[in-house]
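Q: generate coordinates for the sequence data below:
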Amino acid sequence: MFNELFGPSIYLLVLDFFLENPEEMFNVREIARRVKKNPGSISRVMPLLVERGLVKQVKIGKAVRAYRLNVESELVQVLIEFQRRLKGIQPS
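A: Residues are numbered from 1 along each chain as shown. Purely as a prediction, here's the structure:
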């Protein structure tokens, strides 16, 4: 949704993916597979999303990391509502 509205961006594509799947946890490979992008590109975007508080990093074992939407974030709540409202608007 955001990628279509604001133009192509892996950052927006991944953010939109998490907003569409707010309760699920994903590793980089799974995110890459689902959004059809290179895992290396996804790996570069994830630290930005974590740093900005939009996504939480969860450690699973010693080396495996997974990510999930930070639904406790006020900004994330606003983005979820914004996305929901955008879906109700028909493009002209």
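Q: quick one: what helix or strand has the residue nearest to the spatial centre of the chain in it?
A: Taking C-alpha atoms, centre = their mean as the criterion, residue 15 is the residue nearest the geometric centre of the chain, at 2.7 Å. Taking DSSP states H and E as the definition, residue 15 sits inside helix 10-20.
Q: what are the boundaries of the helices in the chain?
A: Remark: helices assigned in the chain by DSSP state H are 2-6, 10-20, 28-35, 39-51, 74-87.
Q: lowest average confidence across these, which one?
A: Ranked by mean pLDDT, the helices of the chain bottom out at helix 2-6, with a mean of 66.
Q: re the thing from before, could you dump the helices of the chain to CSV with distance to residue 61?
A: In short, each C-beta sits where N, CA and C put it, glycine included. Listed next are these as CSV, based on distance: least, C-beta to C-beta, whole Å:
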stretch, distance to residue 61
helix 2-6, 32
helix 10-20, 22
helix 28-35, 14
helix 39-51, 17
helix 74-87, 26
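Q: how close does residue 46 get to residue 84?
A: Distance of residue 46 to residue 84, given as C-beta to C-beta, to the nearest Å: 24 Å.
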